[in-house]
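Colleague: sequence first, then the predicted structure:
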Amino acid sequence: MNTSEPLRLNKLIAQRTELSRRAADTAISEHRVRVNGVIAENGTMVQADDAVSLDGKPVPNAQPPKTILLNKPRGYVVSRDGQGSKTVYDLLPFELHHLNPVGRLDKDSSGLLLLTNDGARTEELTHPRYGKQKVYEVTLDTDLSPLHRQMISEFGIQLEDGPSKMHLERMFEGNDKKWRVVLTEGRNRQIRRTFASIGYTVTALHRTQFGPYLLPPDLASGASTVVTN
């Protein structure tokens, strides 16, 4: 007989898959989750040894939470299926392939990428309500004008999915091509689209910070390290 404390189903799914609790609730309400062969309902309590399936596939047994930090090189896709391109999983040993990326970096971008099996940590880092700060080093094809810097920093640039406002700092005094960009949101290719909308091309984009996590300066491109906190 199992004497462990029962666990709310959405929390169990978040612990064992890439889904957040909120996404798990959605999956449950869409009847995509079964417990011991029976369609589950929101609020269901389960035991650790109950058979839980999602979209017809068994949810794996609990694994200890693990998070790694990868210094992603350019040219790698943040996906399990690269459709002909190299993926970040090509950089990792097989025993880490169960980890899921926290957010995204596009193929042409580099820098800090977190991968984890901790659904709660993923939600805390990516849900808009937490407003986690992300820092990028951005290189433009030409000098950024003072007017355009003011537009981006103070007023925001209107994109098709809403206004984009970012904090900009020069990386080097007197150099108007290299900027440190700070965001608290993370829309798809937001930095590239923002600059492109006013006539600039981002030639290099490198992430150095995501929430409390900093890219170690001595971590080689393509290398990874375990996050201990």
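Modeller: Here it is on my side, so go on. As the structure is a computational prediction, the values presented were derived from the model and not from experiment.
Colleague: what is the end-to-end distance of stretch 150-164?
Modeller: 13 Å (CA to CA, to the nearest Å).
Colleague: got a list of contacts for it?
Modeller: Applying CB atoms under 8 Å, 6 or more residues apart in numbering, the external contacts of stretch 150-164 come out as 165, 166, 167, 168, 187, 190, 193, 194, 197, 198. To be clear about C-beta, it is placed using only N, CA and C from the backbone, and glycine gets the same treatment.
Colleague: so for that stretch, what gets flagged as buried?
Modeller: Of the residues in stretch 150-164, those scored as buried under the neighbour-count criterion (16 or more other CB atoms under 10 Å) are 152, 157, 164.
Colleague: ok, stretch 35-45 next?
Modeller: Under the neighbour-count rule (16+ other CB under 10 Å), stretch 35-45 has 35, 40, 44 buried.
Colleague: ramachandran angles for the first one?
Modeller: Summarising the backbone geometry of residue 35 under the convention degrees, to the nearest 10, its torsions are phi -120, psi 120.
Colleague: same question for residue 27.
Modeller: Here is the backbone geometry of residue 27 (degrees, to the nearest 10): phi -60, psi -40.
Colleague: pull the contacting residues for it.
Modeller: If you count contacts by CB under 8 Å, 6+ apart, residue 27 has them with 13, 19, 33, 54, 55.
Colleague: and with 6 Å instead?
Modeller: The neighbourhood of residue 27, defined by CB atoms under 6 Å, 6 or more residues apart in numbering, consists of residue 33.
Colleague: please name the bridge partners of residue 138.
Modeller: Beta-bridge pairing of residue 138, defined through DSSP bridges, involves residue 179, residue 205.
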